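**Student:** show me how the following folds:
(one chain, ligands or ions: 1)
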Amino acid sequence: MTAISKILIANRGEIALRVLRACKELGIATVAVHSTADANAMHVRLADESVCIGPPPSRDSYLNIHQIVAACEITGADAVHPGYGFLSENAKFADILDAHGITFIGPTAEHIRLMGDKITAKKTAVELGIPVVPGSDGEVLPENALEIARQIGFPVLIKATAGGGGRGMKVAKTEEELEEAVSTARSEALAAFGNDAVYMEKYLGKPRHIEVQVVGDGAGNAIHLGERDCSLQRRHQKVWEEANSPALNVEQRMKIGQICADAMKKMKYRGAGTIEFLYENGEFFFIEMNTRLQVEHPITEAITGIDLVHEQIRVASGAGLSVTQDQVVFSGHAIECRINAEDPRTFVPSPGTITHFHAPGGLGVRVDSGVYAGYKIPPYYDSLIGKLIVHGRTRVECMMRLRRVLDEFVVDGIKTTLPLFQDLVSNQDIANGDYDIHWLENYLAETSAT
Ligand code: ADP
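**Tutor:** Model (predicted):
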């Protein structure tokens, strides 16, 4: 067992603060790293120590492995928490930390690599007994595309092997559209990832995005913490997430959860992970696994009472999981709204200075945000400035609370996506839980036309 006494948080914004809070609770010293643009950030102010690792662009600071390793050595940090994004799914980073005797709070580099390549991830999922979308066994080339597409059946989706953020993805509805879809997907993949390999899947028409939270101890024990429904997306970016999914009953939840937990046991997976599925007509289809903490993890924490960052730190230090599957109790319903510094209709980023900030409170309310009145949002990074998480005993109670809480939230000086959530919380389809992955885009197109 490697006791961890000082954690360097290799991230910024709300997630850096989120990780810092867990470290403080566990009595572990913290090191913040920051770019010159983030010297006044809340996580920097609250950390025990801080190190400036470079100028604003991420590649020179938050993605600069040398600087981060040097910051560990200067401060004597014995572990790194990568948060999400940046270096969180970078296997090379995990290897380098390992070579320096620094604990990476996450899975093994081998598991990051395995899941980072979409074709290997899908093959692994099949071997582990996880249901996948019907599709090609491996890479699709222009010369074998038609034969494979006929076997799968149209419509098909061409996806980049190295994919991420929905790039390099093309739908072919008919045989006529196939050749062009394959060639555009290949060139987009090459431009975005430096790798033109693509594969093919059956295109699902009206799926929901449902993902299962897992945590493993790296020694063959693993549990699931239920699912999250993240179907409300814009340009493949999640906007509103809920746990549990309004589409599943208890039996379905426990069944897919168990399949995922068993797969993680077989793999001897270490740390927190998320197995993402598309769900249509009662069936689950694996799309990918994220080998890190997700933005939307707090809704799982709300319905289970389990602190996922505590669990990550525990397993990284060899202390194992704090609970067994039987001890996990699901209670009530939680919704997360991602608050972005963006125009709520056009989604154009709105950096600037926050003049007033008032976070809502009361029973069942959590706000994860590093911003404050007077804080100047730098223009260099993701526009997520905070997350509002609301919990209720039932979905109806959760929605009632969310409506009240949104009215209390004040962020002045910049535009935010808060007004969008005020619209969504009053919408009948949302109230009924009746939406798929296309719902939000359709809604935005319809409401902006009027
Ligand atoms: P990325 O890593 O680029 O985000 P994913 O495989 O996670 O790619 O897919 C991103 C999104 O694309 C999904 O959330 C879903 O909205 C859509 N998608 C992916 N695969 C399919 C499919 N087979 N059928 C329909 N939609 C899909």
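**Student:** got the phi/psi numbers for Thr274?
**Tutor:** Phi and psi for Thr274, reported as degrees, to the nearest 10, are phi -130, psi 130.
**Student:** please disregard the earlier target; I meant Ala16.
**Tutor:** phi -60, psi -40.
**Student:** distance of the residue nearest to it when sequence neighbours are not counted from the ligand?
**Tutor:** Setting aside the residues directly before and after it, Ala16 is nearest to His43 in space (C-beta to C-beta, 6 or more residues apart in numbering), at 3.8 Å. To be clear about C-beta, it is placed using only N, CA and C from the backbone, and glycine gets the same treatment. Going from His43 to the ligand by C-beta to the nearest ligand atom, to the nearest Å gives 27 Å.
**Student:** which strands or helices does whichever strand or helix holds His43 pack on?
**Tutor:** According to DSSP states H and E, His43 maps onto helix 42-46. Other helices and strands packing on helix 42-46, by 3 or more C-beta pairs under 8 Å, 6 or more residues apart in numbering; DSSP states H and E, are helix 13-25, strand 29-35.
**Student:** can you give me the buried ones in it?
**Tutor:** Met42, His43, Val44, Leu46 (16 or more other C-beta atoms under 10 Å).
**Student:** same check on stretch 265-280?
**Tutor:** Going by 16+ other C-beta under 10 Å, stretch 265-280 has these buried residues: 265, 267-280.
**Student:** just those residues: which are in strands?
**Tutor:** Arg270, Gly271, Ala272, Gly273, Thr274, Ile275, Glu276, Phe277, Leu278, Tyr279, Glu280 (DSSP state E).
**Student:** so which of these are also by the ligand?
**Tutor:** Glu276, Leu278 (C-beta under 6 Å from any ligand atom).
**Student:** want to throw the ones in strands among the buried residues of stretch 265-280 into a markdown table with distance to Asp368?
**Tutor:** What follows is those, written out as a markdown table (distance: C-beta to C-beta, whole Å):
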| residue | distance to Asp368 |
| --- | --- |
| Arg270 | 25 |
| Gly271 | 20 |
| Ala272 | 16 |
| Gly273 | 20 |
| Thr274 | 17 |
| Ile275 | 23 |
| Glu276 | 21 |
| Phe277 | 25 |
| Leu278 | 27 |
| Tyr279 | 27 |
| Glu280 | 31 |
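**Student:** against His236, how distant is whatever residue of the stretch 51-200 of the chain ends up closest to the ligand?
**Tutor:** Nearest residue of the stretch 51-200 of the chain to the ligand, counting by C-beta to the nearest ligand atom: Gly163, 4.0 Å away. For Gly163, the distance to His236 (C-beta to C-beta, to the nearest Å) stands at 10 Å.
**Student:** between the two, who's got more neighbours?
**Tutor:** Gly163 (23 against 13; other C-beta atoms under 10 Å).
**Student:** ok so, going back, name the nearest of the buried residues of helix 42-46 relative to the ligand.
**Tutor:** His43 (26.9 Å).
**Student:** using the three-state scheme, assign the nearest residue to Val405 once chain neighbours are set aside.
**Tutor:** With sequence-adjacent residues excluded and distances taken as C-beta to C-beta, 6+ apart, Val405 is closest to Pro360, at 4.3 Å. Under DSSP: H, G, I helix; E, B strand; the rest coil, the three-state class of Pro360 is coil.
**Student:** ok, Pro360 - contacts?
**Tutor:** With contact set as C-beta atoms under 8 Å, 6 or more residues apart in numbering, Pro360 has these partners: Val367, Leu388, Arg404, Val405, Leu406, Glu408, Phe409.
**Student:** 10 Å instead, please
**Tutor:** 366-367, 388, 390, 401-402, 404-410 (C-beta atoms under 10 Å, 6 or more residues apart in numbering).
**Student:** quick check: of the residues you listed, which has the highest neighbour count?
**Tutor:** Val390 leads the contacts of Pro360 on contacts (other C-beta under 10 Å) with 30 neighbours.
**Student:** give me phi/psi at it?
**Tutor:** phi -120, psi 140.
**Student:** got a list of what it touches?
**Tutor:** Val390 neighbours (C-beta under 10 Å, 6+ apart): 242, 299, 302, 333-337, 360, 362-367, 397-406, 425.
**Student:** understood, closing this out.
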